[in-house]
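>>> Any chance you could fold what I've pasted below:
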Amino acid sequence: MHIITRLMRFFFHHFYHTFAWTYDFVSAVVSIGRWRDWIQAVIPFITGTHILEIGHGPGHLQRLLRTRGWSAVGLDESRQMGLLAGRNSHGSADLARGLAQSLPFPSQFFDCVVSTFPSEYIFDPRTLSDVHRVLHDGGRFIVLPVAWIIGRSVLDRFSAWLFRVTGETPANVLDIISERAVHPLEKAGFKVETQQIEIASSMVLVLIAGK
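This is a model prediction of the structure:
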C-alpha cells in the first residue's frame, strides 16, 4: 500500500474519532471556507420526506435537513462525532451509532439516503446492498464523494495541490469515481447519474443513484 495512503487512513481515523473536535476548523481551512457550501450541494437532489444521512459527522447537514422540514435520521460509527452532532443540534437531532454495512433500520424505510464526503466504506458492496434494502422503491441514494478547487488564486492553487498530494482529489478523479463508485452502484441495482456543480471557484461531484 502506498505510504501516503496509509498515512491518510491513519490521519482520517483519528480525525473522525480522537480529534473530531477539530473537524470544522480543519475542513474550513483545507477548503478555504467552502466546506459547508459543498455539503449543501446535495439538497436539490433530495426527494421524499424521510431521509437517512450516513456519516453525519458534526451534524450540519442534519440541522439543515430539519430546518427544511424533512424527517431526518443520522448514522455515524464515531462516538465522538455523535456527541459533537448532538451538541451542534442542541439535542434535537435523531442520531444513531452504527455501521453503514449493517444499517439498523427496517427494509424500505427511507425515501432518500444521503452521504457527503464519506470514506471508502460507502461503496463497500455490503453498504450498497443495505442502502438498497432500506430505500423505498423509487428512492434515491445521493453521494457527494469529492470536490476540487479550480480557482487560480494563490490560496486556491495551494489547496488544490494539497488535495491532489493527499489523494483526496487525484488528477484522474472522474475515472476513479467511475471505477470505484458508479460501477459498484450499478452492480448493486441502482441507476446512476452524475452532476458536476460549480461553487465559488470549485467543483463538486454528486452521484444520484435511483432504486
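
>>> pLDDT on the strand ranked longest in the chain, on average?
Across the chain, the longest stretch assigned as strand under DSSP state E is strand 135-149. Averaged across strand 135-149, the pLDDT comes to 94.

>>> Could you write out the alpha-carbon coordinates of that strand in CSV?
The C-alpha coordinates for strand 135-149 follow below in CSV (Å, rounded to 0.1, in the frame of the first residue of the first chain):
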residue,chain,number,x,y,z
LEU,A,135,-34.8,2.6,0.4
HIS,A,136,-38.4,2.7,-0.9
ASP,A,137,-38.9,1.6,-4.5
GLY,A,138,-38.1,4.8,-6.5
GLY,A,139,-36.0,6.2,-3.6
ARG,A,140,-32.6,7.8,-4.1
PHE,A,141,-29.1,7.3,-2.8
ILE,A,142,-27.2,10.6,-3.1
VAL,A,143,-23.4,10.6,-2.5
LEU,A,144,-21.1,13.6,-2.7
PRO,A,145,-17.7,11.8,-2.9
VAL,A,146,-15.3,14.5,-3.9
ALA,A,147,-14.8,18.2,-4.6
TRP,A,148,-11.9,20.0,-6.2
ILE,A,149,-10.8,23.6,-6.4
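
>>> Per-residue pLDDT of the residue nearest the centre of the chain, please?
Against the mean C-alpha coordinate of the chain, by C-alpha atoms, centre = their mean, the closest residue is Thr116 at 1.7 Å. At Thr116, the model reports a pLDDT of 96.

>>> Buried ones in the longest strand of the chain, by neighbour count?
Counting neighbours by 16 or more other C-beta atoms under 10 Å, one finds that the buried residues in strand 135-149 are 135-136, 139-149. All C-beta atoms are positioned from the backbone trio N, CA, C, and that covers glycine.

>>> which among the residues you listed gets closest to Ala96?
Nearest to Ala96 among those: Leu135, at 16.7 Å, using C-beta to C-beta.

>>> Confirm for me that the closest one is in contact with Leu103.
No: using C-beta atoms under 8 Å, Leu135 is not in contact with Leu103, being 10.3 Å away.

>>> Surely Phe105 is in a helix?
No: when classified by DSSP: H, G, I helix; E, B strand; the rest coil, Phe105 is found to be coil rather than part of a helix.

>>> Name all residues that make contact with it.
With contact set as C-beta atoms under 8 Å, 6 or more residues apart in numbering, Phe105 has these partners: Leu52, Val73, Val134.

>>> Which one (most neighbours) among those residues?
Most neighbours among these, by other C-beta atoms under 10 Å: Leu52, with 27 neighbours.

>>> Correct me if wrong, but that one is in a helix.
No: counting by three-state DSSP, Leu52 is not part of a helix but strand.

>>> Now do the same for it: its pLDDT.
Model confidence at Leu52 (pLDDT) stands at 98.

>>> what's the closest of the buried residues of strand 135-149 to Val26?
The nearest member of the buried residues of strand 135-149 to Val26, counting by C-beta to C-beta, is Ala147 at 14.8 Å.

>>> thinking that closest one is in contact with Ser31, fair?
Yes: taking C-beta under 8 Å as the definition, Ala147 is a contact partner of Ser31 at 7.3 Å.
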